[in-house]
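Need a 3D model of the sequence below.
(chains A and B)
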2 protein chains.
Amino acid sequence: MIAVHLERGRVSVRSRARPRLPRGHALLRLAAGGICNTDLELQRGYYGFRGTPGHEFVAVVEESPAHPEWTGKRVVGEINLGCGRCHWCEHGWQRHCPRRTVLGIVKHPGAFQELFTLPVTNLIAVPPTVSTEHAVFTEPIAAACEILDQVLIPKGADVGVLGDGKLGLLIAQVLAAHGAHVHLFGRHRRKLAIAEASGVHTHAGGRRPRAAFHYVVDATGSAEGFREAAGMTVPRGVLILKSTVHGAVPVDTAPVIVNEITIVGSRCGRFAPALQLLKQRKLNLDPMLSAQYPLREAPRAFARAAERGVLKVLLRNS
Amino acid sequence: MIAVHLERGRVSVRSRARPRLPRGHALLRLAAGGICNTDLELQRGYYGFRGTPGHEFVAVVEESPAHPEWTGKRVVGEINLGCGRCHWCEHGWQRHCPRRTVLGIVKHPGAFQELFTLPVTNLIAVPPTVSTEHAVFTEPIAAACEILDQVLIPKGADVGVLGDGKLGLLIAQVLAAHGAHVHLFGRHRRKLAIAEASGVHTHAGGRRPRAAFHYVVDATGSAEGFREAAGMTVPRGVLILKSTVHGAVPVDTAPVIVNEITIVGSRCGRFAPALQLLKQRKLNLDPMLSAQYPLREAPRAFARAAERGVLKVLLRNS
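Numbers count the residues shown, from 1 in each chain, chains lettered A, B, ... in the order given. Next up is the predicted model:
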């Protein structure tokens, strides 16, 4: 079988033995994988990563010895693998287990290979009415939905979202589907138009309004974006941080304290609400699919995903 | 009458005319004022300040033409003066009015003078059983109480507080009085002992425990303190920022996002709960009084307040 391999900035495709199947795991055959910004960052050496990336995927269960009822099912899967024994895992919080591994990111080989493994408990079946192309978005949509698990945003509330990258577009659409009045601030009219189709108000370039929103989401991944987002938040408002900025960011804490802003760090989310949104066809995803490549053309796919203006690039194994 | 004057790092005492009394204001005769770190920062040029500082005070109402019932009362006063017309002021949030002035800090002459003014609506009578020395602490105790207005900290919860300066000592004691199990981390055994008398567990020096508290308060005012405080917070925990650090602080946002930490900026608070704690004698304040000076010796008082290990220094006018 073939597997994508990242090492020192280079993307290659290697031949590899079938993975060994740990107890409680299912063997998964990749249908499609999505390249996300984290994968591009892993390529650049983030986390000192070396190996097979891939954490956005749809797969078909090839083998599941302990739970044969899963065999043949089309699935997506939660990407955090907890130790199963700690306080966090006991309470269903594998995502915060201090000893967790993470599919394609931390010490667990990723989905960009013909066959890979995940614990059966991480799997969720894809509803038959949801296409594989859409289901690949489950993981980033879940990350967007996580905001609503952390912060009570009332229906009808005005929300500002900064950043018109893939995650910003999904966050804006998820919050609009929730019933918020979402204002998305970005730089690319073509990308912003995608969210407009889901009822999002968009603003390209120009000055950002000061102290305008009780809820602001920063999905820019830039230090400048964080500063702008803090400035757009009203006193006592909530600023949700959704994109990591690499290295230390110079932050002036004075406005955060003086205006008593609450900053909420937000990462991965539950898959169930994401699949629900996909079933309800609430999100405009087709224009977010920029290109598809077969798995063996992964180097071209990664190069394409890193191009300016490109949104989601898929790797297909079927 | 005499007034303390700050300009370009120098503290002087000047003779000045009685202040004009704006409509709705009371003329206040200072009893005692407390020098806080903000005053020392104003002296160093923070906010480009020039004028009379002082926002922690106890005074006696000398004149109150529109509300004569206040005359002769011993009072403390909320330090933010709202415009009275905006959305924020209409809802009782003068503290966040965008056009607010602030007693002794922003465009309103401070309390370190024989006579000064505040709107009658800012005044609160000091209960007769509370001494003037204790009542001077009302404003910083209110700032500590603000944490409990922003974050629901359950009684019995373990809380970590970093910083054994004046504010850290008050925060630790206020949270202990609320019923939390407070662990105060600092560097000075003598200061930590003050909080111990109020039932606070203390830790001098040494390594800070990792991911140990669901609630952490940073009262260090240092970039290093913020980093330590974030490291002590469990995933999905709450980090309350109580001390501004000047200028931009290099912050690594990754742990905040990965661990989904909520950061709550916290500033001034309501005076009523602070006076309630003073009435109930829940806080150990006497050892926090380092020295008292007459108003005319303000330069010596400021120099003393800036010395290492010194806690609260009072200016007396009676």
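
switch to C-alpha atoms for all contacts and neighbour counts from now on
Noted.

Need the nearest residue in space to A:G33, chain neighbours excluded.
Setting aside the residues directly before and after it, A:G33 is nearest to A:F57 in space (Cα to Cα, 6 or more residues apart in numbering or on different chains), at 4.1 Å.

Up against chain B, what does chain A have?
With the criterion set to Cα under 8 Å from any Cα of the partner chain, chain A comes near chain B through A:96, A:235, A:241-254, A:256-267.

rerun that using 6 Å as the cut-off
On the criterion Cα under 6 Å from any Cα of the partner chain, chain B has as its neighbours in chain A the residues A:244, A:247-252, A:254, A:256-258, A:260-267.

how about the nearest residue to A:T129, chain neighbours excluded?
In space, A:T129 is closest to A:K279, 6.7 Å off (Cα to Cα, 6+ apart).

What number of residues are in the vicinity of the one you found?
Under the neighbour criterion other Cα atoms under 10 Å in any protein chain shown, A:K279 is assigned a count of 18.

thinking again about what came up before, now do the SS call for the residue nearest to A:G33.
Recorded secondary structure, A:F57: strand (DSSP: H, G, I helix; E, B strand; the rest coil).

That one: how many residues sit nearby?
29.

same deal with the one 10 residues further on?
Using other Cα under 10 Å as the criterion, A:H67 is surrounded by 12 other residues.

I'd like to know how far it sits from chain B.
In this structure, A:H67 and chain B are 32 Å apart, going by Cα to the nearest Cα, to the nearest Å.

Equivalent analysis for A:A180, please.
As it turns out, when the distance is counted by Cα to the nearest Cα, A:A180 lies 22 Å from chain B.

so A:N259 makes contact with A:P235?
Yes: under the criterion of Cα atoms under 6 Å, A:N259 makes contact with A:P235 at 4.4 Å.

quick one, which of the two is more surrounded?
A:P235 (27 against 23).

Which strands and helices lie in contact with the helix or strand that contains that one?
A:P235 belongs to strand A:233-241 when assigned by DSSP states H and E. Contacts defined by 3 or more Cα pairs under 6 Å, 6 or more residues apart in numbering or on different chains; DSSP states H and E place strand A:233-241 against strand A:213-218, strand A:262-265.

strand partners of the next helix or strand along the chain from it, parallel vs antiparallel please.
For strand A:233-241, the following helix or strand on the C-terminal side (DSSP H and E) is strand A:248-252. Using DSSP bridges, the strands paired with strand A:248-252 are strand B:248-252 (antiparallel).

Would you pull up how far the strand it pairs with lies from the middle of the chain?
A distance of 24 Å separates the C-alpha centroid of strand B:248-252 from that of its chain, computed with Cα atoms, centre = their mean, to the nearest Å.

Would you mark the buried spots in that strand?
B:249-252 (16 or more other Cα atoms under 10 Å in any protein chain shown).

now these in a markdown table, with pLDDT?
Rendered in a markdown table, the data for the buried residues of strand B:248-252 read as follows (pLDDT from 0 to 100):
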| residue | pLDDT |
| --- | --- |
| B:V249 | 79 |
| B:P250 | 82 |
| B:V251 | 80 |
| B:D252 | 82 |
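
Among those residues, which one sits closest to A:R190?
B:D252 (32.1 Å; Cα to Cα).

Name all residues that make contact with the closest one.
When the contact criterion is Cα atoms under 6 Å, 6 or more residues apart in numbering or on different chains, the partners of B:D252 are A:247-248.

circling back: distance to B:R10 for the helices and strands packed on strand A:233-241 - can I get that in a markdown table?
Converted to a markdown table, the helices and strands packed on strand A:233-241 look like this (distance: least, Cα to Cα, whole Å):
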| stretch | distance to B:R10 |
| --- | --- |
| strand A:213-218 | 41 |
| strand A:262-265 | 37 |
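
pLDDT weak spots in the stretch 151-300 of chain A?
The model of the stretch 151-300 of chain A has no residue with pLDDT under 70.

now the strands for it?
In the stretch 151-300 of chain A, the segments counted as strands under DSSP state E, counting those that start in this stretch are A:158-162, A:181-186, A:201-204, A:213-218, A:233-241, A:248-252, A:262-265, A:289-294.

The stretch 1-150 of chain A now?
Remark: strands assigned in the stretch 1-150 of chain A by DSSP E, counting those that start in this stretch are A:2-7, A:10-15, A:25-35, A:56-63, A:74-77, A:80-81, A:101-103, A:107-108, A:115-119, A:123-125.

I'd like the ones you listed laid out as a markdown table, including mean pLDDT and distance to A:G221.
Listed next are the strands of the stretch 1-150 of chain A as a markdown table, based on pLDDT from 0 to 100; distance: least, Cα to Cα, whole Å:
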| stretch | mean pLDDT | distance to A:G221 |
| --- | --- | --- |
| strand A:2-7 | 97 | 22 |
| strand A:10-15 | 97 | 23 |
| strand A:25-35 | 98 | 17 |
| strand A:56-63 | 98 | 19 |
| strand A:74-77 | 98 | 25 |
| strand A:80-81 | 96 | 22 |
| strand A:101-103 | 96 | 21 |
| strand A:107-108 | 96 | 24 |
| strand A:115-119 | 98 | 29 |
| strand A:123-125 | 98 | 29 |
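
measure A:I261 to B:S266 for me?
With distances taken as Cα to Cα, to the nearest Å, A:I261 is found 8 Å from B:S266.

neighbour-wise, which of the two wins?
Neighbours were counted for A:I261 and for B:S266 using other Cα under 10 Å; B:S266 has more, 28 against 24.

Do I have it right that the more buried one meets A:V258?
No: at 7.1 Å, B:S266 does not count as touching A:V258 under the criterion of Cα under 6 Å.

hmm, back to that, closest one of the buried residues of strand B:248-252 to B:R18?
Set against B:R18, the nearest of those by Cα to Cα is B:V249 (42.1 Å).

need the contact list for that closest one.
A:250-251, B:223.

Dump these into a markdown table; add distance to B:R187 as well.
Conversion of those to a markdown table gives the following (distance: Cα to Cα, whole Å):
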| residue | distance to B:R187 |
| --- | --- |
| A:P250 | 27 |
| A:V251 | 26 |
| B:A223 | 16 |
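
between these, which is nearest B:G231?
B:A223 (12.7 Å).

what bridges to the nearest residue to the closest one once chain neighbours are set aside?
Take B:A223 and drop its neighbours on the chain: the residue closest to it by Cα to Cα, 6+ apart is B:V249, 5.8 Å away. B:V249 has the following beta-bridge partners by DSSP bridges: A:V251.

neighbours around A:L162, how many?
Here the number of neighbours of A:L162 (other Cα under 10 Å) works out to 27.

Isn't it up against A:D218?
Yes: using Cα under 6 Å, A:L162 and A:D218 qualify as a contacting pair, with a distance of 5.1 Å.

which residues do the two both contact?
What both A:L162 and A:D218 touch, as defined by Cα under 6 Å, 6+ apart, is an empty set.

ok, now which ones touch A:E114?
Residues touching A:E114, when contacts are defined by Cα under 6 Å, 6+ apart, comprise A:2, A:29-30.
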